[in-house]
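Trainee: Sequence first, then the predicted structure, then my questions.
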Amino acid sequence: MFRILLVIAIGFLPSLLSLWLMRKTQARMRSHLRRAARNFPREPISIDIRPDVSDRYYLEGVGYLIGDVSCRYNARSGYLRCAVNPSGPCEGCRYYEAKEFTN
């Protein structure tokens with residue numbers, strides 16, 4: 001009888017050890033997440049990614065665009081001006097190339 005109980009106990013031992021380690025790891029991760037949340041800055045960090053309003057315009061069927069649409073490198077996006085000079089102004093850009101329109 002004792003041998004049977006010993007075999008059953010030894011059989012359950014790996015699963016109990018695994019369960020104990022999983023709970024310990026989860027508790028440690030919860031503690032790390034709480035600490036990270038506590039140390040996170042309370043005031044939001046604002047990053048102004050909007051381009052200058054004067055350089056932005058609405059094109060029917062496309063939406064808001066920024067930059068010079070006649071340039072070959074224009075991204076035709078409301079967030080990115082062009083592939084070569086994404087943040088700079090289009091006026092006086094040395095990379096400006098007129099786009100060739102075909103019919």
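Mentor: Done, it's in.
Trainee: which residues touch R72?
Mentor: 97-100 (Cβ atoms under 8 Å, 6 or more residues apart in numbering). Every residue, glycine included, has its C-beta placed from N, CA and C.
Trainee: Need these in a markdown table (columns: pLDDT and secondary structure).
Mentor: As requested, these are exported to a markdown table (pLDDT from 0 to 100; DSSP: H, G, I helix; E, B strand; the rest coil):
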| residue | pLDDT | secondary structure |
| --- | --- | --- |
| E97 | 82 | coil |
| A98 | 80 | strand |
| K99 | 76 | coil |
| E100 | 75 | coil |
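Trainee: And the residues you listed, which two are furthest apart?
Mentor: E97 and E100 (9.1 Å; Cβ to Cβ).
Trainee: between those two, which one's more packed in?
Mentor: E97 (11 against 6; other Cβ atoms under 10 Å).
Trainee: Would you state the strands of this structure in chain order?
Mentor: With DSSP state E, the ranges of strands along the chain come out as 56-59, 63-66.
Trainee: and those strands, which is most packed in?
Mentor: Highest mean neighbour count among the strands of the chain (mean count of other Cβ atoms under 10 Å): strand 63-66, with a mean of 16.
Trainee: distance between the helix or strand bottoming out on mean pLDDT in the chain and the chain's centre?
Mentor: Lowest mean confidence among the helices and strands of the chain (mean pLDDT, DSSP states H and E): strand 56-59, at a mean of 81. Averaging C-alpha positions (Cα atoms, centre = their mean, to the nearest Å) puts strand 56-59 26 Å from its chain's average.
Trainee: strands paired with that strand, and their directions?
Mentor: Using DSSP bridges, the strands paired with strand 56-59 are strand 63-66 (antiparallel).
Trainee: what's in contact with the strand it pairs with?
Mentor: With contact meaning Cβ under 8 Å, 6+ apart, strand 63-66 is reached by 51, 55-59, 74, 76-81.
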